[in-house]
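J.: sharing a sequence plus its predicted fold:
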Amino acid sequence: MGSSPMALYRCFATKDDLVDALLDRILGRLAAPEPSEDWAADLAGFARAHRMLLALHPWAIVPLFTHPNPGLNATRIGELALEILSRGGITGGDAVADFCGILALNYGWSAFASARSAATRIDQNPGVAIGAAIAALPAGRFPRTRAVADQMSAYGSDEHYERALRQLVAGLRDSADVTDGTR
């Protein structure tokens, strides 16, 4: 950029301040879905948008764990999720726990996807490698695992994410229905 590396310290006192600013900027790019009448569908849309953000910036996954509140945009994301959950009747500690569950799903899934992507770039197909390793396990000791060896090539796929997200949102919807007395 035509300047010395130390020039950054005129704007940021520490490396952590710089990382927080970068994370805040990335989190500010979350494309929040427009609210609809279906809070559960909106929550799934929020989760997908958040996961997409992580997929576009895989370097940010680990720093987001070590910089848990990198700026106002992190708070904005939390506010959005809490607002969606409140429309479903989920508030307080339950909403916080459910928001944490979505974040855990997304960070975990994104870490797997990022690792798979990195392995693919170095001419490995992790799905095929995992399937082959599972198929080589002793059949008597691991019969169920061996039975899904060929399906393991899709481990961490978008299809698997959608299933996990559907199950999570369905559970939250059921929990909200019980809480608000509609069941």
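T.: In hand now; what should we look at?
J.: ok, and what's touching the helix or strand that contains Arg163?
T.: Arg163 is part of helix 158-179, with elements assigned from DSSP states H and E. Helix 158-179 has contacts (CB atoms under 8 Å, 6 or more residues apart in numbering) with 40, 43-44, 47-48, 51, 85, 88-90, 94, 98, 101-102, 105, 109, 154, 183. Using the backbone N, CA and C atoms, a C-beta is placed for each residue, glycine as well.
J.: among those, which ones are buried?
T.: Buried members of those, scored by 16 or more other CB atoms under 10 Å, are 40, 43-44, 47-48, 51, 85, 88-90, 98, 102, 105, 109.
J.: secondary structure and distance to Ala115 for these - can I get that in JSON lines?
T.: Shown next, in JSON lines, are the buried ones among the contacts of helix 158-179 (DSSP: H, G, I helix; E, B strand; the rest coil; distance: CB to CB, whole Å):
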{"residue": "Ala40", "secondary structure": "helix", "distance to Ala115": "30"}
{"residue": "Leu43", "secondary structure": "helix", "distance to Ala115": "26"}
{"residue": "Ala44", "secondary structure": "helix", "distance to Ala115": "24"}
{"residue": "Ala47", "secondary structure": "helix", "distance to Ala115": "20"}
{"residue": "Arg48", "secondary structure": "helix", "distance to Ala115": "20"}
{"residue": "Arg51", "secondary structure": "helix", "distance to Ala115": "15"}
{"residue": "Leu85", "secondary structure": "helix", "distance to Ala115": "30"}
{"residue": "Gly88", "secondary structure": "coil", "distance to Ala115": "33"}
{"residue": "Gly89", "secondary structure": "coil", "distance to Ala115": "37"}
{"residue": "Ile90", "secondary structure": "coil", "distance to Ala115": "32"}
{"residue": "Asp98", "secondary structure": "helix", "distance to Ala115": "26"}
{"residue": "Ile102", "secondary structure": "helix", "distance to Ala115": "21"}
{"residue": "Leu105", "secondary structure": "helix", "distance to Ala115": "16"}
{"residue": "Trp109", "secondary structure": "helix", "distance to Ala115": "11"}
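J.: got TSV for the residues you listed, with pLDDT and distance to Asn73 too?
T.: Putting these into TSV (pLDDT from 0 to 100; distance: CB to CB, whole Å) gives the following:
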residue	pLDDT	distance to Asn73
Ala40	97	24
Leu43	98	19
Ala44	98	21
Ala47	98	17
Arg48	97	18
Arg51	96	16
Leu85	97	19
Gly88	96	24
Gly89	96	27
Ile90	97	23
Asp98	97	21
Ile102	97	17
Leu105	96	20
Trp109	91	21
